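**Q** Pasting the sequence and the predicted coordinates here, then a few questions.
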Amino acid sequence: MTTDPGRRIPAFARTTARLVRRVVVFARRRAVAFNELWKHSLQFRVTVSTLALSSAVVFVLGMVLQNQITERLLDTKREAAIAQTRAAAETAAGELVGLGAETDEALTNRLANALKKIAITPTSQEAAGSAAGTFIPVLASGGHDQSGDKPSSAGPFQDVPPRLRQFVEANEMSFLEHTVPDDGGGRTTYLIVGTPLNTVASPLQLYLLFPLTTEQNTVATVQNTLLVGGLVLLLLLAGITNLVTRQVVRPVRQAAAAAEQFAGGDLDQRLAVLGEDDLSKLAVSYNGMAASIQRQIRQLEEFGGLQRRFTSDVSHELRTPLTTVRMAADVLHASREQFPAGLARSTELLVDELDRFESLLGDLLEISRLDAGVEELAAEFIDVRPIATRAVEQVRVIAGNAGSSVELVLPDEEVIAEVDARRVERILRNLLGNAVDHSEGKPVVLTVGANETAVAVTVRDHGVGLRPGEADLVFNRFWRADPSRNRRTGGTGLGLAISQEDARLHGGELDAWGEPGYGACFRLVLPRRQEVSAGDPPLVLPPPDRAQTEVPLGLIEITPAPEAIFAEREEIGQ
């Protein structure tokens, strides 16, 4: 059975591509992890920066030291080699006195004998132990003879490079570093020094080949020593930097942890003061600041407690006289037809203001209970749609008096959620009353939406809207966007604050959006189950119709029966 090579190549390409992708993904993950660590760890940044700069310094210093040591070794070698070459040249000149018209064979023999003499002279033996070290001598006759043959020589003349011969044959003493192959298949670098023998009748040149093996080994040892020493130095610097940085970062981290615990409510959290350095001064300053903030928070808590207790006590105490005044006002109101016109009108105003006063007391009592944390949630699984319908019915009369209509947008399926119906209805009633009060006679839309984890209700008006920054202020107690504007509904100023507390009691949230000229939109988000987070709300802010300056005609005004709403919608659709 044979395998098609054309199929193996794509398989190999796919395997290579997968391997490259894995490497790229791994590199990206490592890069992301490094980036996160770099951004979040001061100790890591200082250690890496110090290590990088130290590596550059160690590298430059190592290169300078290596170059200096190498140059010094070579300079010493050259000086000793030149001195040794001059001494060997004197010995060779003494041996080759009278050299003249010998045959090539006789010339070669005399050169060989001169080389032996150079190798065994005391001067050469002393030089062998000097800084120049051992050498290989070469003697050669200068130029080519008349027959065009190569010059006669003794020793490894082939290892002498031609460019060095040119200088020596021109009666100049020269030296050159040259690498030649050896018998073992390797390569040996020589310092070759050549000098002419001018004291003999026939032109001759003497070359001494000094191997640089010892110097190369010395340089390699220096390189390895510098490399190992540099790595050890970098590791020591990294450890020292990490230790020193840790001494600085640890108090900062302790201060950050103490600040987080302090912000989380542990007002007794303090930093330990050790010594009198800058970090100790920071700890003293932090402890002083924390103590000051703690005193102010305690004072505010005491003041808030007194304020809540005062509000609760006053509200309870006013209940009894209010009940008495209410009974008297009801008696007067029932007999108003027997009074003169002015007195009858005063009786009606008295009853209206008592209604507002009673509503204000109820809201004060409710907000006091919410502040005290004694309110309990009576939650049950019910359909949210009837709650929205009842809330709209309760503000229908107020909307009609204000010249506004209310549209109710409900999903077709049931919206079952674990909620307190009374509190949700009060939230929607407050939102609708606020929307009608600011709608400037334009329609108000209440929309119910739901997903798997949350229920959302939005109340949208197209009135004056909210200025920048007011969306966060509308839930403050007794806050009004425009105090000079006349109110239609006569609210207490606590409705939105109570609504927000009711939403938080459900584990949900109540937020607002608004822009001048585009109206406002309030959104209530509640979890469908109390033990499950609401997650992403099904309705968004700003609302989808944010860009509409005009409200489309044909909005449906609420009627008492929900069935009539859907019937009327079907007629409009037809």
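**A** Nice, I can see it.

**Q** that's a helix at residue 337, yeah?
**A** Yes. Under DSSP: H, G, I helix; E, B strand; the rest coil, residue 337 sits within a helix.

**Q** residues touching it, list them.
**A** Residue 337 makes contact with residue 344, according to C-beta atoms under 8 Å, 6 or more residues apart in numbering. Placement of C-beta: from N, CA and C, glycine included.

**Q** For residue 92, the count of nearby residues, please.
**A** For residue 92, the tally of surrounding residues (other C-beta atoms under 10 Å) stands at 24.

**Q** Would you confirm that it contacts residue 154?
**A** No. Counting by C-beta atoms under 8 Å, residue 92 stays clear of residue 154, with 10.2 Å between them.

**Q** Residues in contact with both of those two, list them for me.
**A** 114, 139.

**Q** Checking residue 517 next. Helix, strand or coil?
**A** The local conformation at residue 517, judged by three-state DSSP, is coil.

**Q** Residue 52 now?
**A** Here residue 52 is recorded as helix under three-state DSSP.

**Q** can you offset everything so residue one is 55?
**A** Let's use 55 as the start, then, which means that last one is residue 106.

**Q** Residue 288 versus that one, what's the distance?
**A** With distances taken as C-beta to C-beta, to the nearest Å, residue 106 is found 10 Å from residue 288.

**Q** who's more crowded, the two?
**A** residue 288 (18 against 11).

**Q** Would you pull up how far the longest helix seen in the chain lies from the middle of the chain?
**A** Secondary structure of the chain per DSSP state H: the longest helix is helix 332-388. How far helix 332-388 lies from its chain's middle: 43 Å, per C-alpha atoms, centre = their mean, to the nearest Å.

**Q** Could you point out the helix or strand that follows that helix?
**A** Next along the chain after helix 332-388, taking DSSP states H and E as the criterion, comes helix 395-426.

**Q** what about the following helix or strand past that following helix, distance to the chain center?
**A** Downstream of helix 395-426, the first helix or strand assigned by DSSP H and E is strand 434-437. Distance, stretch centre to chain centre, for strand 434-437: 44 Å (C-alpha atoms, centre = their mean).

**Q** quick one: residue 188 is in a helix?
**A** No. Counting by three-state DSSP, residue 188 falls outside a helix, being coil.

**Q** Show me the domain layout of this structure.
**A** Split into domains by automatic domain parsing, the chain comes to 95-316, 332-424, 432-537+544-627.

**Q** ok, and which of those has the densest surroundings?
**A** domain 432-537+544-627 (a mean of 18; mean count of other C-beta atoms under 10 Å).

**Q** That one: how far from the chain's middle?
**A** Distance, centroid of domain 432-537+544-627 to centroid of chain: 39 Å (C-alpha atoms, centre = their mean).

**Q** And the pLDDT at residue 151?
**A** Residue 151 carries a pLDDT value of 63.

**Q** For the stretch 205-354 of the chain, just list every one of the strands.
**A** 207-208, 228-235, 241-251, 258-265 (DSSP state E, counting those that start in this stretch).

**Q** Take the ones you listed and lay them out in TSV including distance to residue 494 and mean pLDDT.
**A** Putting these into TSV (distance: least, C-beta to C-beta, whole Å; pLDDT from 0 to 100) gives the following:
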stretch	distance to residue 494	mean pLDDT
strand 207-208	117	72
strand 228-235	98	84
strand 241-251	98	84
strand 258-265	105	83
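
**Q** would you list these in CSV and tack on distance to residue 559?
**A** CSV is the format used below for the strands of the stretch 205-354 of the chain (distance: least, C-beta to C-beta, whole Å):
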stretch, distance to residue 559
strand 207-208, 110
strand 228-235, 90
strand 241-251, 89
strand 258-265, 94
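
**Q** Those: which one's closest to residue 65?
**A** strand 241-251 (43.6 Å; C-beta to C-beta).

**Q** partners of that closest one in the sheet?
**A** strand 228-235 (antiparallel), strand 258-265 (antiparallel) (DSSP bridges).

**Q** Nearest to residue 131, out of those strands?
**A** Within the strands paired with strand 241-251, the stretch nearest residue 131 is strand 258-265; the backing value is 6.8 Å (C-beta to C-beta).

**Q** how close does residue 330 get to residue 418?
**A** Taken as C-beta to C-beta, the span from residue 330 to residue 418 is 54 Å.
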